[in-house]
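*Asks:* Need a 3D model of the following:
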Amino acid sequence: MANAREIQSRIKSVQDTMKITNAMYMISSSKMKKAKKILEDTEPYFYNMQGAIARILRHVPDIQHPFFSVRHLVPAGERKTGIIVVTGDKGMAGAYNHNITKLTDEFMEKTPGYHRLYVLGMTGRQYYEKKNADVDGSFRYTVQKPTMHRARLISEEIVRAFLERELDEVHIVYTQMQNAAVMEAVDMQLLPLKKTSFSPFQIPVEAPQEEIEMYPSADVVLDTMIPNYLTGVIYGCLVEAYASENNARMTAMQASTDSAKKMLQELSIQYNRARQAAITQEITEVISGAKAQKRK
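*Replies:* So this is what the prediction gives:
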């Protein structure tokens with residue numbers, strides 16, 4: 001068994017580690033709350049934009065637009081798919097980054113054709129660079145504090161690549177926080193858009209259809225609205241992923257703090273036993289010395 005001094009040194013080390021995990025928990029908690037507030041503030045814009053596109057499709061259901069083009073004539077083995085992968089910039093967040101890379105790898109394995117990765121976050125970039133994957137270097141900034149400007153840059157690039165037929169599909173893989181305890185890595189298809197995603201399922205069939213005027217045409221209106229809609233969707237994904245990352249880090253730091261507390265309890269017991277053994281040893285030596293003195 002270790003002596004009292006060694007155990008005391010371990011106790012101090014565990015206490016110092018627990019201070020760090022407690023501080024990281026508080027920081028992640030503050031960041032997560034801010035991210036959730038930002039997400040709540042941006043949701044009205046996203047839903048209004050989605051509703052406006054739904055109105056156009058309701059009035060012109062047979063419209064043929066490039067953003068809705070599925071490109072059936074491209075063989076499955078020749079399809080070019082772009083994947084926006086949203087990971088963190090650092091670890092210590094449990095299985096957060098692993099779940100994203102695992103889902104992305106599974107998607108690429110089951111989807112034939114060519115894959116181009118747009119990886120956000122240092123952890124994901126390092127992972128796929130080691131695997132020699134085709135990683136586009138357009139977005140090499142951090143995922144901390146997502147902004148609408150960054151989301152617009154990403155949206156402009158994928159829209160350009162899709163319209164110029166460099167890509168036939170675009171997906172985004174990010175972490176969706178369903179509640180404080182449940183987070184799930186999800187794959188969302190951004191392009192081509194699906195008309196069923198804009199179905200007015202809450203509008204009764206007998207409801208009056210309002211008249212709207214689209215100038216100069218429905219195609220031109222969609223040309224303007226859909227890139228803005230995609231920017232809103234991507235921004236929402238970035239913010240939710242950021243909130244999920246900090247929530248995962250909170251959970252990991254809380255688990256580390258609990259483990260440290262349990263370890264401190266065990267070390268305290270060991271320390272007390274070591275002290276008792278040392279005291280007992282000293283008493284035994286004193287008694288033995290006294291007995292030896294008497295014999296003389």
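
*Asks:* The protein: helices as residue ranges?
*Replies:* 4-59, 96-110, 122-130, 148-163, 218-295 (DSSP state H).

*Asks:* would you list those in a markdown table and tack on distance to residue 181 and mean pLDDT?
*Replies:* (Each C-beta comes from the backbone N, C-alpha and C, glycine too.) As requested, these are exported to a markdown table (distance: least, CB to CB, whole Å; pLDDT from 0 to 100):
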| stretch | distance to residue 181 | mean pLDDT |
| --- | --- | --- |
| helix 4-59 | 13 | 83 |
| helix 96-110 | 14 | 94 |
| helix 122-130 | 23 | 91 |
| helix 148-163 | 28 | 92 |
| helix 218-295 | 8 | 84 |
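
*Asks:* Mind putting these into JSON lines with distance to residue 69?
*Replies:* As requested, the helices of the chain are exported to JSON lines (distance: least, CB to CB, whole Å):
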{"stretch": "helix 4-59", "distance to residue 69": "15"}
{"stretch": "helix 96-110", "distance to residue 69": "21"}
{"stretch": "helix 122-130", "distance to residue 69": "28"}
{"stretch": "helix 148-163", "distance to residue 69": "9"}
{"stretch": "helix 218-295", "distance to residue 69": "12"}
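
*Asks:* right, and those - which one's nearest residue 76?
*Replies:* Ranking the helices of the chain by proximity to residue 76 (CB to CB) places helix 96-110 first, at 11.3 Å.

*Asks:* Pretty sure residue 25 sits against residue 254.
*Replies:* Yes - counting by CB atoms under 8 Å, residue 254 is a contact partner of residue 25 at 5.8 Å.

*Asks:* Which one's more surrounded, these two?
*Replies:* A count of neighbours by other CB atoms under 10 Å puts residue 25 above the other of residue 25 and residue 254, at 19 against 16.
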